[in-house]
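Student: pasting the sequence and the predicted coordinates here, then a few questions.
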Amino acid sequence: MPVAAVWAYEGLYCKVLGGAGDQRAIVASVPGLPAGWVTAALVTIGVLETALGAWALSGVRARLAAVLQTAVIVGFNAGGLVFAGNEIAEPGRLLVQNAAFLTLVWVLARG
C-alpha cells in the first residue's frame, strides 16, 4: 500500500492533476520536446506512474514490478538532474528519498 500511495501521489496528484508545478518545468526541459506537448507528456507520465502503483499494489509479479520501478526512478532521476538540475530544489534530498523508496519497493517485492 505505501508504494502504491507514493506512485499515486507522484503520478495522479503531481502530474495528472497538476499539484506540483515543478514537475511541469522539469518535463518542459526535456530536449527536443515541443512546448505544445509538455502537458500531454506530463499527463502520460502521470498515468503510467499511477498504473505502476496499481501494479505494485496488486502484488502480481512483484519482482518484475520492482525492476521496472527501479528503472523508472533511476531514469527519471538521471534525466531530471541532467536536463533540469536547476529546477530541482534539493537534488541530494531527491536522491536520498528515492533510495529509501526503492529500498521499500525491494523489501516488499521479496516479501
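Tutor: Cool, the structure landed. Residues are numbered from 1 along each chain as shown.

Student: from now on I want contacts and neighbour counts done on CA atoms only, so please keep to that.
Tutor: Fine.

Student: lowest-scoring secondary structure element of this protein by mean pLDDT?
Tutor: helix 21-28 (a mean of 92; mean pLDDT, DSSP states H and E).

Student: which residues are contacting that one?
Tutor: Contact partners of helix 21-28, identified using CA atoms under 8 Å, 6 or more residues apart in numbering, comprise Cys14, Lys15, Ala35, Val38, Thr39, Ala41, Leu42, Gly80, Phe83, Ala84, Glu87, Ile88.

Student: and after it, which helix or strand comes next?
Tutor: helix 38-58 (DSSP states H and E).

Student: so which elements touch that next one?
Tutor: Here helix 38-58 touches helix 2-7, helix 21-28, helix 62-84, going by 3 or more CA pairs under 8 Å, 6 or more residues apart in numbering; DSSP states H and E.

Student: tell me what angle that helix forms with helix 21-28.
Tutor: Orientation check (axes from the mean of the first three to the mean of the last three CA atoms, to 10 degrees): helix 38-58 against helix 21-28 gives 110 degrees.

Student: please renumber so the chain begins at 19
Tutor: Fine by me, first position is 19 from now on; the one you just mentioned is helix 56-76.

Student: so which bits of helix 56-76 are buried?
Tutor: Buried residues in helix 56-76, counting neighbours by 16 or more other CA atoms under 10 Å, are found at 56-57, 59-61, 63-75.

Student: just how off-centre is it within its chain?
Tutor: Relative to its parent chain, helix 56-76 has a centroid offset of 8 Å by CA atoms, centre = their mean, to the nearest Å.

Student: contacting residues around that helix?
Tutor: Outside helix 56-76, the residues touching it (CA under 8 Å, 6+ apart) are 19, 21-26, 28-30, 32-34, 41-42, 45-46, 80, 83-84, 87.
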